[in-house]
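**Q** Fold the following and give me the result.
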Amino acid sequence: MSTDARRPLRLRYGMGVLCLCLLLAFLGSRLSFPEEDAESVRARPNIILILADDLGWSDLGSYGSSFYQTPRLDEFAASGVRFTHAYSASSSCSPTRASILTGQYPLRIGFTEPSGNTEGERKHQLQHQTAPFLRAIGPSSTNYLAEHYYTLGEAMKDAGYSTAFLGKWHLGHAPHIPESNGFDLVVGGRHHPGPPGKNPLRVNFPPWDGDTFPASTQTLDMHIDDYLAQRATEFIAAHRDKPFFMCFWPYSVHSPFQAEPDLLAKWQALVDPANPQRNPTMASMIEVLDTSVGRVLDAIKENGLEQNTIVIFTSDNGGNMYEQVGVTTATNNAPLRSGKGSNHDGGVRVPMIVRWPGVTQPGEISSAMVTSTDHYPTILAMAGLSPRPDDHKDGVNYAPALRGEAFERPFMLSDATPFTFQTANIPNTYIREKNWKLVRYWYREDAQTHRHALFDTDLDIGETNNLADTYPQQVAYLSEQMDEYFERNDILLPRPNAKYNGRSMGLWTSEGAGTLASKNSALVLSSDAPGFAALTYFVPWVLRKSWFEFEARAQGTQGLRVDWLSGAAKPRNLVPAPGREVTLTAKWQRYRVQLQHEGILKGLRLAPTGSGYMVEIRSARVLSPDRSEMMAYEFP
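**A** Here you go, the predicted structure:
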């Protein structure tokens, strides 16, 4: 019985009606997939959906990396269609994974945070208050994929496919697991947000946590993704004579950032300090990913299935730029802005390659705009199955783009309403239609209005030029489209923070007697009394040593102390470390202050000396130990 028959029913009219409803649900679930003879089912193509974890848009050789080496994925890209405008429906893992399996935006299903590892039951509901220095608060996120969704796995299983899920799930604890969502074989597939190894120093290697790893594996000396590839090849060989659908979702390249000594030594010797991508640990992890995917591709060929197997490769979100690995960022997403955990394109624009034998042309490049909700209806179409618009409500079939036909997707949405201090994310939602991307920052002006940023991403790939004031009609049009979607689908939206103290500007707040404002893209501190300071708790995940770089000028004072906050306490209880004092002048000057903090950096504090002053700060950013940008601050 399909899981349509398991969907929650309200017991209003007794057991007889319940049984009737179950029967109707069962029959209804089968109407989309009429009985077919075995030969017809056998003729369907095999489909493999490969989902990398935290792989950035620029992290493959075929997408422009000149440091990372990905020969197998580059070879695969040359055999199919490479998409330049593919997106994830979220900038973090659990929400994107849920969007793939449901064909629905995370903001619709209420799975808006990477909370699939959290125990217990969390509900998606409105929230009204948070820390007083924050202006808005988004709805809470659920932490599991609910049973009432008829998922892609269930649709393929009900259509006669043998199904397998191998790798990272991160969509809840039991019973919210792959086996409940249509998958026959499961390896990995539990709540873990990253590799499931029990040894924190070698998390990719056994012993592994989880009931889907046989006892015989716990003494292996094998990387988790190599093991997944081995099991994938076994599954392919065992199902060569009947159609299969496989989700191969490796754990690479998610943190913790660890590399085996031999690989690390190889990549350390290849580091170019002038290359924005220069992290040897990440290069080692990407090599493991490339090799494991290559083994799956080899298995297709070795079993004579190349002409009847469709392969889709993509990532669940952009590359991680907020964590320090060694002396630099984990990766670098240039020319895109920001990374994982941000709704800028560095966090949501992802690599995507599709090979559909007999349909796609080798080496083709597509500029069609697609997002992760679109895989569900597209895979159904690839299999010759009818669409299920009542299930994949936000998905659009991109098969025409694979055939080289005209394809223009309607607008797409991405919700990033949680506060994420290490990625500078404040509650926002973006809508994109064609080349226009509008980002709404919820309640950034006052309790009734929002701030908007508009980008032409075709002309401004780095999202550096806000055109909201230049094209107000485009802002109004896209805002209306967004609001209509919210109203039509009863979407829960962020609310003003009932506890907001009125002291914040952008990502910064203040303490003491004074005024914090913004003017001409600068943060302005003014006070007639001593003890006034600006603070931010939005800082990247950097260890022990970092840099704070900024431009400043002043009237009425010559001193500015830069303090840093660190330690294990919550933000409002942090005590600033003795900082560095810089001398200001009436003219703009650039300053770079070394921060030496105990453990992880938790915040910054800027304290002018004296009183009766005005200090202006602009072009401020936090740098890694090797002076790679990790976070930049805007003062709109």
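
**Q** Where do the strands of the stretch 151-300 of the chain begin and end?
**A** For the stretch 151-300 of the chain, the strands defined by DSSP state E, counting those that start in this stretch cover 162-167, 185-188, 244-249.

**Q** is it possible to export those to JSON lines including distance to G197 and mean neighbour count?
**A** To be clear about C-beta, it is placed using only N, CA and C from the backbone, and glycine gets the same treatment. JSON lines is the format used below for these (distance: least, CB to CB, whole Å; neighbours: other CB atoms under 10 Å):
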{"stretch": "strand 162-167", "distance to G197": "14", "mean neighbour count": "25"}
{"stretch": "strand 185-188", "distance to G197": "11", "mean neighbour count": "23"}
{"stretch": "strand 244-249", "distance to G197": "17", "mean neighbour count": "26"}
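
**Q** Out of the ones you listed, the one nearest T70 is which?
**A** strand 244-249 (16.1 Å; CB to CB).

**Q** Please enumerate residues in contact with the closest one?
**A** 46-51, 53, 97, 153, 156-157, 161-169, 178, 183, 188, 228-229, 232, 235-236, 293, 296, 379, 383 (CB atoms under 8 Å, 6 or more residues apart in numbering).

**Q** tell me which element I365 falls in.
**A** According to DSSP states H and E, I365 maps onto strand 364-371.

**Q** Of all the residues in that strand, which ones are buried?
**A** By 16 or more other CB atoms under 10 Å, the buried positions in strand 364-371 come out as 364, 366, 368-371.

**Q** Are there helices or strands packed against it, and which ones?
**A** Applying 3 or more CB pairs under 8 Å, 6 or more residues apart in numbering; DSSP states H and E, one finds that strand 364-371 makes contact with strand 81-87, helix 399-402, strand 412-416.

**Q** Now stretch 583-603: buried residues?
**A** Neighbour-count burial for stretch 583-603 flags 584, 591, 593, 595, 597, 600-603 (criterion: 16+ other CB under 10 Å).

**Q** okay, who's weakest in these by pLDDT?
**A** Ranked by pLDDT, the buried residues of stretch 583-603 bottom out at H597 (86).

**Q** hang on, isn't that one packed against G579?
**A** No - at 10.4 Å, H597 does not count as touching G579 under the criterion of CB atoms under 8 Å.

**Q** Overlap in contacts, these two.
**A** What both H597 and G579 touch, as defined by CB under 8 Å, 6+ apart, is the set W564.

**Q** quick one on the thing from earlier: from the buried residues of stretch 583-603, which land in helices?
**A** Assigned to helices by DSSP state H, none of those qualify.

**Q** Kindly present the residues you listed as TSV, with separate columns for distance to N275.
**A** Listed next are these as TSV, based on distance: CB to CB, whole Å:
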residue	distance to N275
L584	35
Y591	27
V593	26
L595	25
H597	27
I600	26
L601	25
K602	30
G603	31
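
**Q** Please name whichever of the strands of the stretch 151-300 of the chain is nearest to E75.
**A** Across the strands of the stretch 151-300 of the chain, closest to E75 is strand 244-249 (CB to CB), at 17.0 Å.

**Q** Partner strands of that closest one and their direction?
**A** Paired neighbours of strand 244-249 in the sheet (DSSP bridges): strand 46-52 (parallel), strand 162-167 (parallel).

**Q** can I get those strands in TSV with distance to R135 and mean pLDDT?
**A** Shown next, in TSV, are these (distance: least, CB to CB, whole Å; pLDDT from 0 to 100):
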stretch	distance to R135	mean pLDDT
strand 46-52	34	98
strand 162-167	38	98
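
**Q** Figure out which of these is closest to F111.
**A** Going by CB to CB, the one of the strands paired with strand 244-249 nearest F111 is strand 46-52, 15.8 Å.

**Q** next one: that closest one to chain centre, how far?
**A** 18 Å (CA atoms, centre = their mean, to the nearest Å).

**Q** How about stretch 491-506?
**A** 24 Å.

**Q** Is P387 in contact with P377, as I believe?
**A** Yes - with contact defined as CB under 8 Å, P387 reaches P377; the gap is 5.3 Å.

**Q** okay, and the common contacts of these two?
**A** N397.

**Q** Mind checking which of these two has more residues around it?
**A** P377 (25 against 16; other CB atoms under 10 Å).

**Q** Quickly find the element holding that one.
**A** Going by DSSP H and E, P377 is in helix 375-382.

**Q** and that helix, what's its mean pLDDT?
**A** 98.

**Q** and that helix, what does it pack onto?
**A** Short answer (3+ CB pairs under 8 Å, 6+ apart): helix 375-382 packs on strand 46-52, helix 93-102, helix 152-158, strand 309-315, helix 399-402.

**Q** rerun at 6 Å
**A** Using 3 or more CB pairs under 6 Å, 6 or more residues apart in numbering; DSSP states H and E as the contact test, no helix or strand touches helix 375-382.

**Q** can you start the count at 258 instead of 1 from here on
**A** Taking 258 as the first residue, the last one we looked at is helix 632-639.

**Q** Which residues does that helix contact?
**A** The contact list for helix 632-639 (CB atoms under 6 Å, 6 or more residues apart in numbering) reads 304, 357, 360, 409, 567, 644, 649, 652, 654-656.

**Q** so P619 sits right up against S336, yeah?
**A** Yes - the pair P619 and S336 passes the contact test of CB atoms under 6 Å, sitting 5.2 Å apart.

**Q** Which one's more surrounded, those two?
**A** Of the pair P619 and S336, S336 is the one with more neighbours under other CB under 10 Å, namely 17 against 10.

**Q** can you pull the contacts of the more buried one?
**A** 612, 619.

**Q** Could you measure from it over to P592?
**A** 26 Å (CB to CB, to the nearest Å).

**Q** With G813 instead?
**A** In terms of CB to CB, G813 sits 41 Å off from P592.

**Q** Could you do P450 as well?
**A** 29 Å.

**Q** Neighbour count for those two, which is higher?
**A** P450 (20 against 14).

**Q** How about the more buried one, nearest residue that isn't a chain neighbour?
**A** N374 (4.6 Å; CB to CB, 6 or more residues apart in numbering).

**Q** what about the one you found, how many neighbours?
**A** N374: 18 neighbours (other CB under 10 Å).

**Q** quick one: pLDDT of it?
**A** On the pLDDT scale, N374 gets 97.

**Q** pretty sure it is in contact with P453, am I right?
**A** No - if you go by CB under 6 Å, N374 and P453 don't touch, sitting 10.5 Å apart.

**Q** where exactly do the helices run in the stretch 658-807 of the chain?
**A** 729-745 (DSSP state H, counting those that start in this stretch).

**Q** before we move on, the earlier item: may I see the strands of the stretch 408-557 of the chain arranged in CSV, with distance to T399 as well?
**A** Shown next, in CSV, are those (distance: least, CB to CB, whole Å):
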stretch, distance to T399
strand 419-424, 20
strand 442-445, 22
strand 501-506, 20
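
**Q** Would you mind listing the outside residues contacting the longest strand anywhere in the chain?
**A** Ranked by residue count under DSSP state E, the longest strand found in the chain is strand 846-865. Strand 846-865 is contacted from outside by 782, 790-794, 796, 799, 802-808, 814, 817-823, 831, 833, 837, 839, 872, using CB under 6 Å, 6+ apart.

**Q** Show the buried residues in those.
**A** For these, a burial check counting by 16+ other CB under 10 Å picks out 782, 790-794, 796, 799, 803-807, 814, 817-823, 831, 833, 837, 839, 872.

**Q** Run through the protein and note the low-pLDDT ranges.
**A** Along the chain, segments meeting pLDDT under 70 span 258-297, 702-704, 825-835.

**Q** Would you pull up how far the lengthiest helix in it lies from the middle of the chain?
**A** Ranked by number of residues, the top helix in the chain under DSSP H is helix 537-559. On the basis of CA atoms, centre = their mean, helix 537-559 sits 21 Å off its chain's mean C-alpha point.
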